[in-house]
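A.B. asks: this one's structure only:
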């Protein structure tokens, strides 16, 4: 298959598969050939089969399916080196409608109803692929595993639903699981503008990513601000050629369209052994692995669901060069060698004993791994840190003598950047800070009047956060809608002699956004009554992290995070994708902290010394 230069550059920037990046084993280790695999509706899927060059006996298949192109997969990627040393028949495949495969591409293709015998989806395509491989590729042992990161992680999950009997193990890694609730496209109702525009456009303007995006400035903050209302995207650029963008416009709330694509809603128990992998600082799919594991755990009576969460960004466990030193002591090599490879060898080759704990999670505060029999741990207790007048944060609730609220003006014309400017394109091949923005020092927003901060006194002992984190805000607005961003931050001591660059560092430990109109339900948006204190829950999901003695805890609240998220007009419009320029207004927001209206962050905390 022939690539244009633009498509190849973009694929390298995406980095969700490593064989195109030159990170390969020696050519003599494996030899690869391309085949066209037929599936049940007559479509042929472009597939690469890589076998050991030397005789290794009967081997299992290890399948990775992707929408990002396999034309460069003529060697086994370096990130598979420990798997390759064990010996597998590696299979890579373009999914339908992408690159060398026939058919029509559908983003996050939902499962077809069982009542439709002719229906196809990613599960049926995987089933048919495995069946074809068993019949046509000699030297296999009758077993197959499936793994992948990001979109390929979603495809790995689908391989375990209505699975082929030969599929004996899957590893969804950073899987796109629910792209409305907390993965790529929306987070609790707030639309991910830059990612939604850039990713959907690059995926659907062509089948091979060869059409360039129209962004013509280095600092995309300026470009998106000039773009104006979301309605301008289709009118100026997409012109109805990007189905996923059309879906954003037609389905702004959590309706049946998105629920059908929310994979965790159809997971009841692991049909096959499942190793779910994610990163605590994954800038794209942190929600997905946690939601996948939680759904599988409910019916895991046989103990076949496992979770690994490390100090990684998106796919960082497969690339040591993406290590974020402020949270990661150097963990990717150990995961690939000591966790992933032995896990697949046990299920697919019958080798060794399974030593994997139910949950293996990294504590970046202490920079060490922790093993849990359950996640979140059953012995965790909810503890709240409360917002107080004067920017104070403590574990004591507010008193009646305190000022009732803090306020700020949120102006859509001057939104808070989500990372230090310039904000490069998400996958700019010339370099982008997209992968590391979640570990950026938050002092870059110091002094902004539209960011409120509350800080504790230095801790007198370590505090182990292990499990759920929720922001419980009591807030009001002079408008009819508002976004609420909550950040839980570890403030390092002012002097860190071991690394002076970390002195005073403000590290986001957990963070999230929710759109106020969905406070009563994500399927039922409603205007907010003006100047009325209301309860809002901002789910910050989960974390494993020790706030060290001498560190301080900070909570920040703001209402814009641009251009990662679109700007809320703050007036009432039924569909923000159809809002007009005149609908956007600056409004005053209040965050309340009284005994009756106690804004706080709730954390699952494990007391030191308790069994984990």
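C.D. replies: Cool, got the structure. Computed from a predicted structure; not experimentally measured.

A.B. asks: what ranges do the strands span in the stretch 351-500 of the chain?
C.D. replies: 359-363, 368-372, 381-387, 393-394, 405-410, 451-455, 463-477, 483-491 (DSSP state E, counting those that start in this stretch).

A.B. asks: What sits closest to residue 403 if chain neighbours are left out?
C.D. replies: residue 389 (4.0 Å; C-beta to C-beta, 6 or more residues apart in numbering). Quick note: C-beta positions are derived from backbone N, CA and C, even for glycine.

A.B. asks: And the one you found, how close does it get to residue 491?
C.D. replies: Using C-beta to C-beta, to the nearest Å, one gets 19 Å for the distance from residue 389 to residue 491.

A.B. asks: As a markdown table, the strands of the stretch 351-500 of the chain with mean pLDDT and distance to residue 169 would be great.
C.D. replies: Compiled in a markdown table, those are given as follows (pLDDT from 0 to 100; distance: least, C-beta to C-beta, whole Å):
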| stretch | mean pLDDT | distance to residue 169 |
| --- | --- | --- |
| strand 359-363 | 98 | 16 |
| strand 368-372 | 96 | 20 |
| strand 381-387 | 98 | 35 |
| strand 393-394 | 98 | 45 |
| strand 405-410 | 98 | 48 |
| strand 451-455 | 98 | 46 |
| strand 463-477 | 98 | 27 |
| strand 483-491 | 98 | 35 |
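
A.B. asks: Residue 389 and residue 491: which has the busier surroundings?
C.D. replies: residue 491 (20 against 16; other C-beta atoms under 10 Å).

A.B. asks: For residue 544, which of the strands of the stretch 351-500 of the chain is the nearest?
C.D. replies: strand 359-363 (4.2 Å; C-beta to C-beta).

A.B. asks: How far does that closest one sit from its chain's centre?
C.D. replies: Relative to its chain's centre, strand 359-363 lies at 17 Å (C-alpha atoms, centre = their mean, to the nearest Å).

A.B. asks: Neighbouring strands - and their directions - for it?
C.D. replies: On the basis of DSSP bridges, the sheet neighbours of strand 359-363 come out as strand 305-310 (parallel), strand 368-372 (antiparallel).

A.B. asks: With residue 48 as the reference, name the closest of the ones you listed.
C.D. replies: strand 305-310 (27.1 Å).

A.B. asks: so how far is the closest one off the chain centroid?
C.D. replies: 14 Å.

A.B. asks: and if you look at stretch 346-362?
C.D. replies: For stretch 346-362, the distance to the chain centre is 24 Å (C-alpha atoms, centre = their mean).

A.B. asks: Give me the distance between the two termini of that stretch.
C.D. replies: 23 Å (C-alpha to C-alpha, to the nearest Å).

A.B. asks: One more: stretch 355-363?
C.D. replies: 20 Å.

A.B. asks: hang on, the earlier thing: highest average neighbour count across the strands paired with strand 359-363: which stretch is it?
C.D. replies: Using mean count of other C-beta atoms under 10 Å, the stretch among the strands paired with strand 359-363 with the largest mean neighbour count is strand 305-310, at a mean of 24.

A.B. asks: contacting residues around it?
C.D. replies: With C-beta atoms under 8 Å, 6 or more residues apart in numbering as the test, strand 305-310 has contacts from 270, 273-280, 289-290, 293, 296-297, 316-317, 328, 331-332, 335, 339, 343, 356-362, 375, 544.
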